[in-house]
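> here is my input, please return the structure:
(6 chains)
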Protein chains: 4
Amino acid sequence: MKSCLMPKIGQEPARRAALVNATISEIGLACSLDVTVGQIARRAGMSTALAHYYFESKDAIFLAAMRHIISEYGRAVRALLHPDQSPRERLSAIVEASLGRDQFADEIVSAWLVFYVEAQRSPEAGRLLKIYARRLHSNLVYGLRFLVDPPAAHGIAQGAASMIDGIYIRHALQSDAPSRPQARALVNNYIDLNIARYSAKTED
Amino acid sequence: MKSCLMPKIGQEPARRAALVNATISEIGLACSLDVTVGQIARRAGMSTALAHYYFESKDAIFLAAMRHIISEYGRAVRALLHPDQSPRERLSAIVEASLGRDQFADEIVSAWLVFYVEAQRSPEAGRLLKIYARRLHSNLVYGLRFLVDPPAAHGIAQGAASMIDGIYIRHALQSDAPSRPQARALVNNYIDLNIARYSAKTED
Amino acid sequence: MKSCLMPKIGQEPARRAALVNATISEIGLACSLDVTVGQIARRAGMSTALAHYYFESKDAIFLAAMRHIISEYGRAVRALLHPDQSPRERLSAIVEASLGRDQFADEIVSAWLVFYVEAQRSPEAGRLLKIYARRLHSNLVYGLRFLVDPPAAHGIAQGAASMIDGIYIRHALQSDAPSRPQARALVNNYIDLNIARYSAKTED
Amino acid sequence: MKSCLMPKIGQEPARRAALVNATISEIGLACSLDVTVGQIARRAGMSTALAHYYFESKDAIFLAAMRHIISEYGRAVRALLHPDQSPRERLSAIVEASLGRDQFADEIVSAWLVFYVEAQRSPEAGRLLKIYARRLHSNLVYGLRFLVDPPAAHGIAQGAASMIDGIYIRHALQSDAPSRPQARALVNNYIDLNIARYSAKTED
DNA sequence: AATGAATGAGTTTTCATTCAT
DNA sequence: GATGAATGAAAACTCATTCAT
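Just a heads-up that it's a prediction; the model follows:
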């Protein structure tokens, strides 16, 4: 069934990727989901009609962008995790990845915030976000497992995750938000204090 | 050309308040700024035209709503602060107010999130939000003043504020977000640990 | 609650009527439902937005037009019926009304045909058309009641109604379709022959 | 630049036939000309681009489908006509063919109606339909030739043809339309009565 | 003060058609 | 022959905003 000529390399993946990137850029630029398919398509270098050819609807484009951003985060975490890390190193790696330079880029932060809000409206967006949140949570708990008991691990993970998310949202405050190094210090400090307290308690 | 009826006096404040409340309700319901002036006006019991009579534009309505929500928060904080509180009690009161039942109502949380996002777009919204953030920060620092040194106070305040905001944003996760008591415990625990560490360090 | 000034006479009925008439005109002109809201609105002297202000959707406009055309037909029938007509006169009056000059106007015929087709797609359009068809049928049966027995009345009514509808559809053939007088003669002849046969049979 | 495979011979007629059949199916299903080239092509098992390769335009596809449906009708008539039929048998055969099981299939009836409407818009469609109408008319007149005089034959043919078309259009009424046997009876009865009247008149 | 009426500008989506391969 | 890719044009519908009354 194939043509005898060079197989046309699928435009589809490239076009979809271009649209996803353009979507994140435009959302980051507008700091809002109020972005038209026209804007996205133009930035991706194609007509609106073509954008609709590759995605079923505007919502589908947004969800693809969200999936992309979450999977990029997953990739960033995995890149910093190694089997021979100590539990504490593992936690630091997660914090580092969560507040990494890529994740902290203005447009990515904007996109995350916007998607958090969207998650309240779109069930599918909510589902995606919950998956991300649970993965972060279980990553943290997994690192804490050898350092504190399970209930404590759960609590500390929740606190750390909240703090990370809070740091993101505070980016909306521009200059008043903590910088990346400050952010890392805040979260690592929080984790250290909790671990230390736990050790102190159990030494009694 | 005057109306034949008695000119109603003082309608303006009532009308504006009705619109502000309606705005918050609709934003909370829609979990988004994608709310039409028509919806707001209808919920406030008036025509769209009248809404535009009392507010210059849709943006102005949103800003008024944001101002209202922030000032309500300020009122909540002041209500829990007393001159004869200990510094630590003062901190707990701020946490309590920030995570109070009123602030934690679903529609209020939604509105806050939406406004946080909006702050990235609208300079005026950003300005309002910074005012709120600085007030929260200085309230916390004021409470920490007698317990830790100024740089530490600054850091702890930033951590606590981030955690509070993070708890809010995690509300987008619905069931996976910490409950109100859990939220209070997380933040108070964070503050306690930091104070304790500081005391321990300075005792050396 | 009313203003002291002259009560604004409702634009609504006038606008809706204008839209309905414009719709029939445009459908008649285009000989098809492929008519845009823009065309209809322009012919009715208003913007598309206003057309959507007065009607919920394009479909609603079409249905209103259909209702109008059917009710006009009903009015035409009632105008020709008198209590003191003989049964046969009554039948002629119905035929006359069904093939009257107004109903036979090109644009009205086009509209009827288009609505007949639409009735296969839109349940509401189908409902409207069935109401019309049953009314025509029962009008004919009512006239035939004293001339033939019930089963015969039903059959003759069906034949006459089919013939009338067929004459309409043949209008699509332009010059090859029967003229109005020919049309009347065809249907009346059909009715007469059936009544005569029935009389002959029962005289045996 | 030729394809590497054996050039497939005689694909064209098969492809065109597939498209024509697919068109009729889709029109019948949608009960409307609002059918996209994409739908037609997919049902015919090919790409839209290929459909445009075989037909100049969407209109050309529709016209081909119309030609097909009309020629199928012609074939159905010819299949029931025999040289040794009596004139009356000949008329019955035409009626039988016009209301035959094949012609009465839902999707064919729908297609006919849609084409009737289309005939008002497209001159070419109108031309095709007139050809069909004249053939039906002359077939009927040819059968009536020995039974009544020419003017009477013309009138009866017009009445019968109108009734047949009317029966088709009433299909839009679904349950309220005459069934196939009822339909045949109605038309044959109409013809019989007219012939009988003529005989009676000329016997005087 | 209050509102129904009115609209321009914009948004998503669809589709016939063309073109490169 | 055959198709995926691409687009311009158009259509329905929405909405903030204005205006006459």
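
> let me know whether residue A:164 touches residue B:166 as I believe.
Yes. With contact defined as C-beta atoms under 8 Å, residue A:164 reaches residue B:166; the gap is 6.8 Å. Using the backbone N, CA and C atoms, a C-beta is placed for each residue, glycine as well.

> looking at these two, which one has more neighbours?
Applying other C-beta atoms under 10 Å in any protein chain shown to residue A:164 and residue B:166 shows that residue B:166 carries more neighbours, namely 27 against 24.

> what comes up buried for the helix or strand that one falls within?
Following DSSP states H and E, one finds residue B:166 within helix B:150-169. Of all the residues in helix B:150-169, those buried under the rule 16 or more other C-beta atoms under 10 Å in any protein chain shown are B:152-169.

> measure the residue nearest to residue A:186 when sequence neighbours are not counted to residue A:185 for me?
Closest residue in space to residue A:186, ignoring its immediate chain neighbours: residue B:159 at 4.7 Å, by C-beta to C-beta, 6 or more residues apart in numbering or on different chains. Counting by C-beta to C-beta, to the nearest Å, the separation of residue B:159 from residue A:185 is 9 Å.

> one step back: dump the C-alpha coordinates for the helix holding residue B:166 into CSV.
Extracted in CSV, the C-alpha atoms of helix B:150-169 (Å, rounded to 0.1, in the frame of the first residue of the first chain):
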residue,chain,number,x,y,z
PRO,B,150,14.9,39.9,61.2
PRO,B,151,16.4,37.8,58.4
ALA,B,152,15.0,34.6,59.9
ALA,B,153,11.6,36.3,60.3
HIS,B,154,11.7,37.3,56.7
GLY,B,155,12.4,33.7,55.6
ILE,B,156,9.9,32.1,57.8
ALA,B,157,7.2,34.6,56.7
GLN,B,158,7.9,33.8,53.1
GLY,B,159,7.8,30.0,53.7
ALA,B,160,4.5,30.3,55.7
ALA,B,161,2.9,32.6,53.1
SER,B,162,4.0,30.3,50.3
MET,B,163,2.5,27.3,52.1
ILE,B,164,-0.8,29.1,52.7
ASP,B,165,-1.0,30.1,49.0
GLY,B,166,0.0,26.6,48.0
ILE,B,167,-2.8,25.1,50.1
TYR,B,168,-5.2,27.4,48.3
ILE,B,169,-4.0,26.4,44.9
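
> what's the angle between whichever helix or strand comes after that helix and helix B:150-169?
As assigned by DSSP H and E, the chain's next helix or strand after helix B:150-169 is helix B:180-203. Relative orientation of helix B:180-203 and helix B:150-169, computed by axes from the mean of the first three to the mean of the last three C-alpha atoms, to 10 degrees: 170 degrees.

> residues making contact with helix B:180-203?
Applying C-beta atoms under 8 Å, 6 or more residues apart in numbering or on different chains, the contact partners of helix B:180-203 are A:155, A:158-159, A:162, A:189-190, A:193-194, A:196-197, B:88, B:91-92, B:95-96, B:99, B:101, B:104, B:144, B:147-149, B:152, B:155-156, B:159-160, B:163-164, B:167, B:178.

> what's the neighbour count on the residue lying closest to residue A:88 once chain neighbours are set aside?
What sits nearest to residue A:88 in space, not counting adjacent residues and going by C-beta to C-beta, 6+ apart, is residue A:147, at 7.0 Å. Burial of residue A:147 is recorded as 19 neighbouring residues (other C-beta under 10 Å).

> got it, and residue A:187?
Residues within reach of residue A:187, counting by other C-beta under 10 Å, total 28.

> next, give phi and psi for residue A:179.
Main-chain dihedrals, residue A:179, degrees, to the nearest 10: phi -70, psi 170.

> from residue A:104, how far off is it?
Between residue A:179 and residue A:104 the distance is 9 Å, computed by C-beta to C-beta.

> likewise for residue A:138?
According to C-beta to C-beta, residue A:138 and residue A:104 sit 23 Å apart.

> ditto for residue A:135
Residue A:135 is 19 Å from residue A:104, by C-beta to C-beta.

> please apply the same query to residue A:11.
Taking C-beta to C-beta, one finds residue A:11 at 33 Å from residue A:104.

> between the two, which is the more surrounded one?
Higher neighbour count among residue A:11 and residue A:104: residue A:104, with 16 against 12, using other C-beta under 10 Å.

> what's the mean pLDDT across stretch A:160-175?
Here stretch A:160-175 scores 90 as its mean pLDDT.

> please state the offset of it from the chain centre?
Here the centre of stretch A:160-175 is set off from its chain's centre by 13 Å, with C-alpha atoms, centre = their mean, to the nearest Å.

> anything in that stretch near chain B?
Yes. Applying C-beta under 8 Å from any C-beta of the partner chain, one finds stretch A:160-175 in contact with chain B at A:161-174.
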